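In: Here is the input, now give the coordinates:
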Amino acid sequence: MIRKIIKFILIILWMMLIFSFSNDTGNVSTKKSDGFIIKIVESISGRKLSEVEKEKWTTYLVVPVRKGAHLGVYFVLGILVFSFISEFMIISYKSILLSIGISILYACSDEIHQLLVPGRSGQIKDVFLDTIGACIGVIGYSFVVRKCSKNEQKERTS
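Out: I've put the predicted structure just below:
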């Protein structure tokens, strides 16, 4: 029972994190993305970037970083939702589809939420990216869980 509660709380906390990112105004969101890009490039290069270099790198990397963030946060959400649902159902196509469906519904609500935030926009293409992230997370995690279950069964019968 405690495990189910912890998994549910993790889902809520992760959804709150996604909500907080989406609640940032356009300017705040851009500053966070740009700051992240600059820190990564400076860490890799081992030096401080000039203002011209910062502009160049942020312009070049902003789309992949922001879209990668969509994939990443919904990858984790998909895993969390699937892990929770697996507490109540046998792993099957139904549990996989239910996990993905819940993730998609949250992605839709997140994009609608962004329509209400100054400087932000809700975009269908972001829902598709979120869905891809959730699908990879759910399907990948279900594969790992099934593989581990088969290995455990082999060890018990040996």
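
In: From the contact counts, what lies against the helix or strand containing residue 144?
Out: Residue 144 is part of helix 124-157, with elements assigned from DSSP states H and E. When contacts are defined as 3 or more C-beta pairs under 8 Å, 6 or more residues apart in numbering; DSSP states H and E, helix 124-157 packs onto helix 51-85, helix 93-115. Bear in mind the C-beta positions are built from the backbone N, C-alpha and C, glycine included.

In: Just the angle for the first one relative to helix 124-157, thanks.
Out: To tie it back to what came earlier, the one meant is helix 51-85. In terms of direction (axes from the mean of the first three to the mean of the last three C-alpha atoms, to 10 degrees), helix 51-85 departs from helix 124-157 by 50 degrees.

In: Sort out which residues of helix 51-85 are buried, please.
Out: Neighbour-count burial for helix 51-85, with 16 or more other C-beta atoms under 10 Å as criterion, is recorded at 54, 57-58, 61, 66, 69-71, 73-85.

In: got it, and stretch 147-156?
Out: For stretch 147-156, a neighbour-count test (16+ other C-beta under 10 Å) marks nothing as buried.

In: Measure how far it is from the centre of its chain, please.
Out: Relative to the mean C-alpha coordinate of its chain, stretch 147-156 is positioned 29 Å out (C-alpha atoms, centre = their mean, to the nearest Å).

In: Looking at that stretch now, give me its mean pLDDT.
Out: Across stretch 147-156, the average pLDDT comes to 76.

In: What residues sit buried inside the helix or strand of the chain with the lowest mean pLDDT?
Out: With mean pLDDT, DSSP states H and E as the measure, the helix or strand of the chain carrying the lowest mean pLDDT is helix 124-157 (a mean of 89). Of the residues in helix 124-157, 126, 127, 129, 130, 131, 133, 134, 135, 137, 138, 141, 142 count as buried by neighbour count, 16+ other C-beta under 10 Å.

In: And the contacts of stretch 43-53?
Out: Here stretch 43-53 makes contact (C-beta atoms under 8 Å, 6 or more residues apart in numbering) with 38, 41, 42, 57.
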